[in-house]
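J.: Compute the structure for the input listed below.
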Amino acid sequence: MELEQLRQLDAIAREGTMSAAARALHLSQPALSRSLARLEAELDQPLFDRPGRRLVLNDAGRVALEHARQILRDERAMRAAVDDVARRTRALGVGTVAPAPLWRLTALMIERFPGLVLTSQTLAEAQVESGIHDGELDLGITLRPAASSGVRSSRLMAENLSVALPVGHALADRSSVSAAELDGETFLLFEGIGFWRELCDRHFPHSQFVVQEDRAVFEQLARSSSLPHFVTDAPSLSAPMPGRTVVPIRDAMAHATFHLLVRDGGRREADEVFDWVRGRRSGRPRPAAPSVAGEERPGRVTCAPGR
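T.: Numbers count the residues shown, from 1 in each chain. The predicted model follows:
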């Protein structure tokens, strides 16, 4: 008895005739008739009464169909569960203190790990470090190198904060500005900027912030309003907007260096990514599997929101 025979039994019961079931299954009618005959021989019972051209389930057929449909449901559930395991096996959990270094990590991985999925969370520095140490995260991105034993780190990138001022603003012609000079302004602020959000609250205590959680709404307001907003030199956050002058902020708080963290003894895939990224920075890419699934095929790294 094969799964295909159970699918055929289900189709015959639904369609009511051998010819209709054969069309639904893209089989010839003789082939379907022979398959049903083999199934009935295996069960040692006819499953259908045959009044005229129609096929009507008898008592044995109804019992067989009930079990067949349950087996088919179980088969679909098994496939879904196995697929889910495969997806989770290919996924690495990443905790990051800011979005830009995550995008940088993704860009570095695209050419070497096609199909690998990153599930990301934006977390506080201490949460990233503890998540790596406890094995809850596969990779971490922090502002400082690893401080605990059993965790390796490598410099990933630097990011520098600037302010986008409307043309005609009193500070727009400056080559750089200080946080003290900007304090007291009302800023348009995107919520999803990670640790930069806390720095803004800390270093601009007399400023007010018009906070937007939706990126598209933020960008629309940045183009249409006269409020200053922050940008960085990360490629995805540095697109110029008409009517704006970008002025670097010279304080130390406006300059961040990010580090990639991985735990010793963690997942092999996380080690391979870490070694590849570190090798790229040193100019000596280290060997790594072409993909987590071990197949050389085109694709891209997918970055998905995490827990």
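
J.: Now do the contacts for residue 58.
T.: Contacts for residue 58 (Cβ atoms under 8 Å, 6 or more residues apart in numbering) come out as 46-49. Heads up, the C-betas are built off the backbone N, CA and C, glycines and all.

J.: any idea of the pLDDT on it?
T.: Note for residue 58: predicted pLDDT of 93.

J.: now it: how far from residue 16?
T.: From residue 58 over to residue 16 the distance is 14 Å, taken as Cβ to Cβ, to the nearest Å.

J.: partner strands of the helix or strand in which residue 93 is found, parallel or antiparallel?
T.: For residue 93, the host element (DSSP states H and E) is strand 91-96. Sheet pairing for strand 91-96, assigned by DSSP bridges, gives strand 117-122 (parallel), strand 139-142 (parallel).

J.: Show me where the chain has its helices.
T.: 3-15, 18-25, 29-43, 59-89, 99-110, 125-134, 179-182, 195-203, 215-224, 268-282 (DSSP state H).

J.: Deepest-packed of these, please.
T.: helix 99-110 (a mean of 20; mean count of other Cβ atoms under 10 Å).

J.: Now do it against strand 91-96, angle only.
T.: 150 degrees (axes from the mean of the first three to the mean of the last three Cα atoms, to 10 degrees).

J.: Export only the CA atoms of helix 99-110, formatted as CSV.
T.: The C-alpha trace of helix 99-110 is given here as CSV (Å, rounded to 0.1, in the frame of the first residue of the first chain):
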residue,chain,number,x,y,z
PRO,A,99,20.3,48.3,12.9
ALA,A,100,23.2,49.5,10.7
PRO,A,101,25.8,46.8,11.8
LEU,A,102,23.2,44.1,11.3
TRP,A,103,22.8,45.3,7.7
ARG,A,104,26.6,45.3,7.4
LEU,A,105,26.7,41.7,8.6
THR,A,106,24.0,40.7,6.1
ALA,A,107,25.9,42.4,3.3
LEU,A,108,29.1,40.5,4.2
MET,A,109,27.3,37.2,4.3
ILE,A,110,25.3,37.4,1.1
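
J.: what angle do it and helix 268-282 make?
T.: 100 degrees.

J.: pLDDT of helix 99-110, averaged?
T.: Per-residue scores along helix 99-110 average to 85.

J.: Between helix 195-203 and it, find me the angle.
T.: Going by the same axes, to 10 degrees, helix 99-110 makes 160 degrees with helix 195-203.

J.: Can you spell out which helices and strands pack onto helix 99-110?
T.: strand 91-96, strand 117-122, strand 139-142, strand 151-166, strand 255-263, helix 268-282, strand 302-305 (3 or more Cβ pairs under 8 Å, 6 or more residues apart in numbering; DSSP states H and E).

J.: what's the closest of those to residue 103?
T.: The closest of the helices and strands packed on helix 99-110 to residue 103 is strand 302-305. By Cβ to Cβ, the value is 7.8 Å.

J.: Reformat the helices of the chain as CSV; add distance to residue 261.
T.: What follows is the helices of the chain, written out as CSV (distance: least, Cβ to Cβ, whole Å):
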stretch, distance to residue 261
helix 3-15, 46
helix 18-25, 54
helix 29-43, 58
helix 59-89, 21
helix 99-110, 11
helix 125-134, 5
helix 179-182, 28
helix 195-203, 15
helix 215-224, 27
helix 268-282, 8
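
J.: Could I get the contacting residues of residue 208?
T.: 186-187.

J.: no wait, residue 167
T.: By Cβ under 8 Å, 6+ apart, the neighbours of residue 167 are 243-245.

J.: Equivalent analysis for residue 34, please.
T.: Per Cβ under 8 Å, 6+ apart, neighbours of residue 34: none.

J.: And it, how close does it get to residue 5?
T.: For residue 34 relative to residue 5 (Cβ to Cβ), the value is 11 Å.

J.: Any chance you could list residues touching both of these two?
T.: Common neighbours of residue 34 and residue 5 (Cβ under 8 Å, 6+ apart) do not exist.

J.: Pretty sure residue 10 sits against residue 70.
T.: No. Using Cβ atoms under 8 Å, residue 10 makes no contact with residue 70, being 11.0 Å away.

J.: Can you give me the buried ones in stretch 259-266?
T.: 259-263, 266 (16 or more other Cβ atoms under 10 Å).

J.: Serialize these to CSV and add fields for distance to residue 28 and pLDDT.
T.: Formatted as CSV, those follow (distance: Cβ to Cβ, whole Å; pLDDT from 0 to 100):
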residue, distance to residue 28, pLDDT
259, 65, 95
260, 59, 95
261, 61, 96
262, 57, 95
263, 59, 93
266, 55, 89
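
J.: Nearest spatial neighbour of residue 218, chain-adjacent residues omitted?
T.: residue 212 (3.9 Å; Cβ to Cβ, 6 or more residues apart in numbering).

J.: Tell me the bridge partners for that neighbour.
T.: Under the criterion used (DSSP bridges), residue 212 bridges to residue 190.
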